[in-house]
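[1] Following is a predicted model, sequence given first.
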Amino acid sequence: MHDHSIVFSMFLIFTGAAVISTVALYARQALLVAYIALGVLMGPWGLQLVSDAELIADIAEVGIIFLLFLLGLNLEPKDLQHLFREAVVVTAASCAIFALGGGAIALAFGFSWTDAALIGAVMMFSSTIIGLKLLPTSALHHQHMGEIIVSILLLQDMLAVIIMLVVQGLGNEGNLLRESVNILVALPAIAAGSYFFSRYVLLKLFAQFDQIKEYIFLLAIGWCLGIAELGRMAGLSHEIGAFIAGVTLAANPIARYIAESLKPLRDFFLVMFFFALGAGYDLSMLGGVLLPGMALAAFALALKPQVFRLLLKREKEKERLAGEIGVRLGQISEFALLIVVVSSSSAIISERGASLIQTATILSFLVSSYWIVRHYPTPIAVNERLRRD
């Protein structure tokens, strides 16, 4: 009787998240790992307490929409200006190495060329959530290391959105050329229209009523969902539309305030999104992908820190700084999970390939977050000295 009750599902998700997050914090794990574990436990492949597949899919989609909106909202061009050349060199070289390595591992375990291409693609990215959430809540955000991490992650995130767009186009069962032309026309048209509307209408509304916080909140949410729906109507997707909505607001002076005010909403949908990913994880596939998943995770955990360290040293960064940045970026990204969602819905990737990416990503989250909090300053560091550094 509870399968279709939204209230009961919300109770399970958030009460369960509160309990399991407490355990995760004591274990020095990133909270998103706890949300995924809760989804596996409560979902159709676990205790089946939340087994409505349609509800889970809707939760995941809404979560992606708001995550991409907030990502776009923080994507200010000025954040890249200071370290643009260094970030481009490091990001381009590292992405090429990780893509080739990930694809080669997938082929060695018998995956198809299509699966291997997608697996290689998702290996290019590091986790924005782990990279930024595990930075200490101090001036480090405004220091050199924080600037480098943010610059690299911003470039990676933009590349990930482009890959999601390409996957969506390839997954269209109709005429691929027609779909490609549609994307090439619709994307710049929506982006340009959104930019001018944001600049000449939204900015004035924000300035006129900036003292009414409730209105600012509602206008930002309305803008996000409006452009998301426009993106879907134009043949793109809700997610790409939401990203455009965020990017076109990013240059406005009020964007920082909006991003801060939407943090509770972001965290709300963050819990639901990663719960939905966990709930959609097919445990029956684990036996067939555990070994290649461990190989991919080990590849990321062992190679990514060294590659970033060497590339940053070539850019004249200090050894210690380069090494720490490498470790903080040494995992697979949550964007891998987003790309799995898009490619699965487009029937581009096989079930085994999707399960492999999910397994490797979760394993890399577990090991990377634990290692970081054991050895570097973070808000949940293992001792007081690291929390103060």
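    Done, it's in.

[2] in stretch 227-243, what's buried?
    Of the residues in stretch 227-243, those scored as buried under the neighbour-count criterion (16 or more other C-beta atoms under 10 Å) are 227-228, 230-231, 234-243. C-beta: built from backbone N, CA, C; applies to glycine.

[3] Make JSON lines out of these and add secondary structure and pLDDT.
    JSON lines is the format used below for the buried residues of stretch 227-243 (DSSP: H, G, I helix; E, B strand; the rest coil; pLDDT from 0 to 100):
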{"residue": "Ile227", "secondary structure": "helix", "pLDDT": "90"}
{"residue": "Ala228", "secondary structure": "helix", "pLDDT": "88"}
{"residue": "Leu230", "secondary structure": "helix", "pLDDT": "88"}
{"residue": "Gly231", "secondary structure": "helix", "pLDDT": "83"}
{"residue": "Ala234", "secondary structure": "coil", "pLDDT": "78"}
{"residue": "Gly235", "secondary structure": "coil", "pLDDT": "70"}
{"residue": "Leu236", "secondary structure": "coil", "pLDDT": "72"}
{"residue": "Ser237", "secondary structure": "coil", "pLDDT": "73"}
{"residue": "His238", "secondary structure": "helix", "pLDDT": "79"}
{"residue": "Glu239", "secondary structure": "helix", "pLDDT": "75"}
{"residue": "Ile240", "secondary structure": "helix", "pLDDT": "79"}
{"residue": "Gly241", "secondary structure": "helix", "pLDDT": "84"}
{"residue": "Ala242", "secondary structure": "helix", "pLDDT": "85"}
{"residue": "Phe243", "secondary structure": "helix", "pLDDT": "82"}
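
[4] And the strands in the stretch 251-389 of the chain?
    Applying DSSP state E, counting those that start in this stretch to the stretch 251-389 of the chain gives no strands.

[5] So, low pLDDT: which residues of it?
    Within the stretch 251-389 of the chain, the set of residues satisfying pLDDT under 70 comprises 379-389.

[6] Tell me how many other residues surround the closest residue to Val90 other than its chain neighbours.
    The shortest distance from Val90 to any residue that is not its chain neighbour, by C-beta to C-beta, 6 or more residues apart in numbering, is 4.6 Å, and that residue is Leu311. Burial of Leu311, expressed as a neighbour count using other C-beta atoms under 10 Å, amounts to 22.

[7] tell me the SS of the nearest residue to Gln156 once chain neighbours are set aside?
    In this structure, Gln156 finds its nearest non-sequential neighbour in Phe125, 4.7 Å apart by C-beta to C-beta, 6+ apart. At Phe125, secondary structure determined by DSSP: H, G, I helix; E, B strand; the rest coil is coil.

[8] my guess is Ile129 meets Ile332, correct?
    No. No contact is recorded between Ile129 and Ile332 when judged using C-beta atoms under 8 Å, the distance being 11.7 Å.

[9] all helices for the stretch 201-350 of the chain, in order.
    Counting by DSSP state H, counting those that start in this stretch, residue ranges of the helices within the stretch 201-350 of the chain are 203-208, 213-233, 238-250, 255-261, 263-279, 286-314, 319-328, 334-345.

[10] Highest mean neighbour count out of these?
    Among the helices of the stretch 201-350 of the chain, judged by mean count of other C-beta atoms under 10 Å, the one packed with the most neighbours on average is helix 238-250 (a mean of 27).

[11] And that helix, what does it pack against?
    On a contact count with 3 or more C-beta pairs under 8 Å, 6 or more residues apart in numbering; DSSP states H and E, helix 238-250 meets helix 53-73, helix 144-170, helix 176-197, helix 213-233.
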